[in-house]
Structures are given as C-alpha cells and as structure tokens.
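Visitor: coords below, sequence missing:
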C-alpha cells in the first residue's frame, strides 16, 4: 500500500480556489448567474495550459475572419445586385469585395512564419485541412473578385467582367463560411464544441457586414438588396450566436460559453450584439432616411468586425486556461466509463483497476464502495 | 480502428510500426532524454530558467523542447507504515505520434507526413509556418519556433530509425523508463508492467494512450502513469479534432447554401421602376 496522496497538485488546486474567492470578494458578484456556479474542481500541471494557443495573430487572423466574410458576402451581393438592376450597389459591393479580399491576402501572408513560402499552400489539396480548402478557394475567388471590380471600374471587357462577377458571387458564400471550419477544426474547446452553430454565425455576420457596407455607401433608394441582406444576415447572426452560447453553456457542466461572456471579450461581444440589434431596427424603420441607413450600415460593419474579434479572442482564452480542456474531457471519460454522478473531487479520486481476461475495466473507489455498501 | 497508419498513408512496403513506451514509474528525473534529444537533433536552446515548478526548467513541450520531464511533488498523508511527506512523480513527455493525427490532417502544405515507421514528421523545407498544426494538436506538442517561423516537434529520430538505431532519448535513458520498439511488443510489455504495479499496491497506475480504440486511435508513444493524466499536464480524454470534420463541413455547406439561396432570391427580385 502506497501512501495516500492528499491530492495531485493539491497545493495548486487550493491556491487557485483561494485566489478566486479573493477576486470574488473584492469585486462582488457581478452577475447572479455566474456567482451561483462554483469554480470547477480540476487538477492541472501548475496551471499550465494543456493545449497550445493557435499561433495566429490578433490583427491578422481575427481581421481575416471579418474581411473574408465581408468580401465573400459582398461578391454575392454584387452578383445579385447586377442581375436585378442595382448598378450602383453592384459597383460598391465589387469594389468593397476586392478591397476586403486584398487586405485579407496581406493579413494571411503576413501571419505566416515563412511568408515567402505562401505558395506552398498550393502543393497539395487536402479536404481534411480547411486551410488547404480555403487556399484553393481563395486562389479561384481572389482573381474573380479582382476581375469583376476592375472591369466594373474601368469598363474594360464587360462580358468577362460579368462572368467574373457571377463566378465570384458563387464562390463568395464559400469564402464567407469556410473560416468557421478553419477555427472549429482545432483542439480549441470554445471553437471546436461550437462547430454546429459557428458556420451560421459566420454566414449571418458576413451577410450583415456586406449589407451594411451597401447601406453605408449607397443611397437608400438604390440599396434595396443590401437592406434585405443586412436584415436577414443580422437576424440570423443574432439567433445563431445565442444558440452557439446556449450549446457552449452546457448546463451542469463546465461552461465553454464563459470565455465569450467574461472580461473585455464579453464586453466586445455584448456591444456587437447591441449594435447589430440597433442597426437592424434602424435599417428597417429608417429605410427612407439616408443618414439612418448609413449609420445602421456602419454599425453592422463594425459589429461584424467586433463579433469576429470576440469569437477569436474567446477561443484563444479557452486554450490558455486548462480547465476548459481538462474538465469537459474528464467528465466525458467518466461518463463513458459509466459513472453518471458528478465527478468527485479529483484530487481524492482513487482508481481501482480490475483485471478480466483480455480487458481492463476501471472503477472509481466511490463507485466500488457504493457497490460494497449495497452488498 | 486503424492498425496500419503507414500503409494507410500509402507506403506499400514498410517496416513495422515503432514507438515509445514511457514507463514513468521508473523515471528518476535525470533529464538525460531532454539533453540527448537536443544534442542529437541540434535543437536550439530555448531558455533555461527557474520556473518555480519543482525541478522543471523547460516547463512544457514546444518547438525547441521535444522531450520534457515533468516533476510533481505531491504531499502525502501518513498511511500504515509510510510517513507523511512527498510523493515525487516524474514523467518524460514527448510527441504522441498519434494513429489519427490532427497536426498531419490539418497541415495545408503537406509538410507534416506519415513516415514508413508510422510516425509523424515535419519537413523543414516545406513548412511555411501557417501555425494550423499548433492549435490542432490535442496535447499542445507542436509549436512554431520564433527564430525560423516554422513548426517543429519530435521526429522520433527519423534519421536514426533509418539506419536501424533507436531514438536518442531512449538510448540515453539510464533506467529504461523510455523504451523504444515495435508498438505491438511495447503494448504487451506495458500490460504486464501495469498489472505488476497494481499487484504491488500502486492503485493509481494506469496506461495512457495504449488503446487503439481511444480518441486518437492510440498513441505511437504511450505512457504508464502513476496518477490521472491531467496531473502530468496531459488531456484526460483527447479526441482528434478531424473526427468531427464531416459534421463541420456539413454545417459549413448548409450555411453556404443558405447564402447562395439568399443571393439567388435577391437576384430574382426586379428593381421597381
């Protein structure tokens, strides 16, 4: 019999709990909802993260999530506006798409550790890598969006310009949404566990930004499709974001919605939601006013950028704190092993191994003690 | 269950799959593995400092730390004949060379590849430093090196394997805590070892990543631990992120289709004159 550990990393767990209590005492419960949820019990290696934060920079990749969405949805809007006779809106959307995707390309190459090797993205095509899929999409979409805008502005080759407009319009939705796969296909808990909702949040946010740009730059009388797109996109975004947070909240378990709700990130996302909702009302009620439409449009563009930044930062925060990795995994493993009760204080968990021919079965001591008590 | 990752990756004829079995119960924390790895692979120095984490000076695996020895000092209460004091856990961590490998799956350049030995290696002349592998690894193993901007991790001494030598860390380990060999053989050996330890009263002894049915299809490097994985900084139930990729693409496809439908609906509207 070996000496019974008081707890693996017991000192760390204890220290963490005390500092949390201290913080709470200082600030007081900010929101009733949060103060009722006790700090999850878990063990870590000196509080170090289990996974690595993605090696992606905040201005570069968070910005790309926004700009890619704005570009893709703008191209789609440009194609729709062109075929339905909204020439000025089509022009704005094409130029906007080219601007956004050009900035995206700069951001993406700048974020590489070896920018000179960006062309290596096109060595292979791998459906298992959303970044590979995205690179190929971008290499088809970028030139199309560019040709559409250049032809529009210069008047050169109108036929080819129209084909490019339609091509970019078809590829745009893929550009606007694949970035959800890009971030969800990682070990980052607050992104990965939201993969069922993230693409709709991104689609809504992109549509809302593209519609917003149209409202901002074009007279309301000539911006009908932009308004419709903005209203639909903002509505989808608001609903999908709520659903994303509801799924991540996981009642009774470690909430993965926490990083989206707390600190600066929480404030950014709440402000984005407020701006989107306000702009939604403004876009509908102020449809005859140039000023109200433009203000609503600008708010939607800003809110979309803030939403992407907030989602990006929430994921990074969930990667930095080991509790978002350890607690849900621990719970999943315990549940699979048939222990449905709340996991006991991890630091006093004792695991018994029972050998059966050909298999190894584990039970927690609390579980086996309960069985012993029944007998 | 994937039994032959090298064959699945397209190697028609290949040697049997090899890996590490790290038996932490006999690790003495000498860090010979860390040093041997640095020496053999010419991995640059990446900061030696007092971390406040027991004898741990390298803190975790990273771009320039491919073997990392964890030190955990557990306060223990007096039980039977044992006095109150400290139980000292030491464990040498390394890339798991997953059967289902997230870093390899998400790498957009093909820089990460599956070798004929079933291991996972980065090609330095291909990697463009996109950093996708860093966030995809469920263990936080691979990282981007500041100096060259590229991703680096344990190669399981690919060059040494090619000439029939064992990896530097296993060669240097004085207690055979790090064992190298054909994976099947190591798994058999590990099962016997954990049974022995349990019979000797080590109630917490457990194998980690030895099961080909787990979330990563089993590790090419697996471990015998004396406590729960998270105590050593390891995830308790890692799952390769690409298991959910079909679902991810499905929702992305639906969202994109929704946008296309919206665009068509907008395009069908005629401008009122």
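Guide: Sure, I can see it. Fair warning: this is a prediction, and the values are worked out from it, not measured in the lab.
Visitor: state which helix of chain B is the longest.
Guide: Criterion DSSP state H: the longest helix present in chain B is helix B:245-268.
Visitor: how far off centre is it?
Guide: Relative to its chain's centre, helix B:245-268 lies at 36 Å (C-alpha atoms, centre = their mean, to the nearest Å).
Visitor: stretch B:10-24 now?
Guide: Its chain's C-alpha centre and that of stretch B:10-24 lie 14 Å apart, by C-alpha atoms, centre = their mean.
Visitor: tell me which residues of it are tucked away?
Guide: Buried positions in stretch B:10-24, judged by neighbour count with 16 or more other C-beta atoms under 10 Å in any protein chain shown: B:11, B:14, B:17-24. All C-beta spots, glycine's among them, are computed from the backbone N, C-alpha and C.
Visitor: tally of neighbours for residue B:66?
Guide: Neighbourhood size, residue B:66 [other C-beta atoms under 10 Å in any protein chain shown]: 27.
Visitor: was I right about it contacting residue B:95?
Guide: Yes - assessed by C-beta atoms under 8 Å, residue B:66 is found in contact with residue B:95 at 7.0 Å.
Visitor: how near is the residue nearest to residue A:158 when sequence neighbours are not counted to chain B?
Guide: Nearest non-adjacent residue to residue A:158, counting by C-beta to C-beta, 6 or more residues apart in numbering or on different chains: residue A:151, 6.4 Å away. As for residue A:151, its distance to chain B is 19 Å (criterion: C-beta to the nearest C-beta, to the nearest Å).
Visitor: helices and strands around the helix or strand where residue A:151 lies, which ones?
Guide: Using DSSP states H and E, the secondary-structure element containing residue A:151 is helix A:130-154. Contacts defined by 3 or more C-beta pairs under 8 Å, 6 or more residues apart in numbering or on different chains; DSSP states H and E place helix A:130-154 against helix A:63-83, helix A:87-111, helix A:158-184.
Visitor: now do the buried residues in the longest one.
Guide: Right, helix A:158-184. For helix A:158-184, burial by neighbour count (16+ other C-beta under 10 Å) applies to A:161-162, A:164-184.
Visitor: does the longest helix of chain B pack against any helices or strands, and if so which?
Guide: helix A:63-83, helix A:158-184, helix A:198-217, helix A:224-249.
Visitor: now the angle from the third one to helix A:224-249?
Guide: Which is helix A:198-217. Here the directions of helix A:198-217 and helix A:224-249 differ by 150 degrees (axes from the mean of the first three to the mean of the last three C-alpha atoms, to 10 degrees).
Visitor: do helix A:198-217 and chain B meet?
Guide: Yes - with C-beta under 8 Å from any C-beta of the partner chain as the criterion, chain B is reached by helix A:198-217 at A:198-200, A:202-203, A:206-207.
Visitor: and the buried ones among these, selectable in PyMOL?
Guide: Buried residues within the residues of helix A:198-217 next to chain B, by 16+ other C-beta under 10 Å, are selected in PyMOL with:
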select buried, chain A and resi 198+199+200+202+203+206+207
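Visitor: using CSV, please lay out the residues of helix A:198-217 next to chain B together with distance to residue A:230.
Guide: Below are these laid out as CSV (distance: C-beta to C-beta, whole Å):
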residue, distance to residue A:230
A:198, 21
A:199, 19
A:200, 16
A:202, 16
A:203, 13
A:206, 11
A:207, 7
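Visitor: and the residues of helix A:198-217 next to chain B, which is closest to residue B:31?
Guide: Taking C-beta to C-beta as the measure, residue B:31 lies nearest residue A:198 of the residues of helix A:198-217 next to chain B, at 41.9 Å.
Visitor: wait, residue A:100 touches residue A:68, no?
Guide: Yes - with contacts counted by C-beta under 8 Å, residue A:100 reaches residue A:68, the gap being 7.5 Å.
Visitor: these two: which is more packed in?
Guide: Using other C-beta under 10 Å, the more surrounded residue of residue A:100 and residue A:68 is residue A:68, with 31 against 27.
Visitor: distance of that one from residue A:203?
Guide: Using C-beta to C-beta, to the nearest Å, residue A:68 is found at 12 Å from residue A:203.
Visitor: ok, now residue B:114?
Guide: 35 Å.
Visitor: any idea where the helices of chain B begin and end?
Guide: B:5-8, B:32-41, B:102-106, B:132-136, B:158-162, B:168-172, B:183-199, B:245-268.
Visitor: buried deepest among these, which one?
Guide: helix B:132-136 (a mean of 29; mean count of other C-beta atoms under 10 Å in any protein chain shown).
Visitor: that older thread, quick one: average confidence on the longest helix of chain B?
Guide: On average, the pLDDT along helix B:245-268 is 97.
Visitor: what angle sits between it and helix A:224-249?
Guide: Using the same axes, to 10 degrees: helix B:245-268 against helix A:224-249 is 160 degrees.
Visitor: can you list the neighbours in contact with helix B:245-268?
Guide: For helix B:245-268, contacts defined as C-beta atoms under 8 Å, 6 or more residues apart in numbering or on different chains pick out A:72-73, A:76-77, A:79-81, A:83-84, A:127-128, A:130, A:169-170, A:172-174, A:176-178, A:180-181, A:184-185, A:195-200, A:202-203, A:206-207, A:225, A:228-229, A:232, A:236, B:105.
Visitor: make it 6 Å
Guide: With contact meaning C-beta atoms under 6 Å, 6 or more residues apart in numbering or on different chains, helix B:245-268 is reached by A:76, A:80, A:83-84, A:173-174, A:177-178, A:180-181, A:184-185, A:195-196, A:199-200, A:203, A:225.
Visitor: stretch B:228-241 now?
Guide: A:8-9, A:43-45, A:48, A:50, A:185-187, A:192, A:325-326, A:329-330, A:332-333, B:70, B:91, B:100, B:102, B:136, B:138, B:208, B:215-216.
Visitor: show me which of the residues you listed are buried.
Guide: By neighbour count, with 16+ other C-beta under 10 Å, these hold A:8-9, A:43-45, A:48, A:50, A:185-187, A:192, A:325-326, A:329-330, A:333, B:70, B:91, B:100, B:102, B:136, B:138, B:208, B:215-216 as buried.
Visitor: before I go, just wanted to say thanks for your time.
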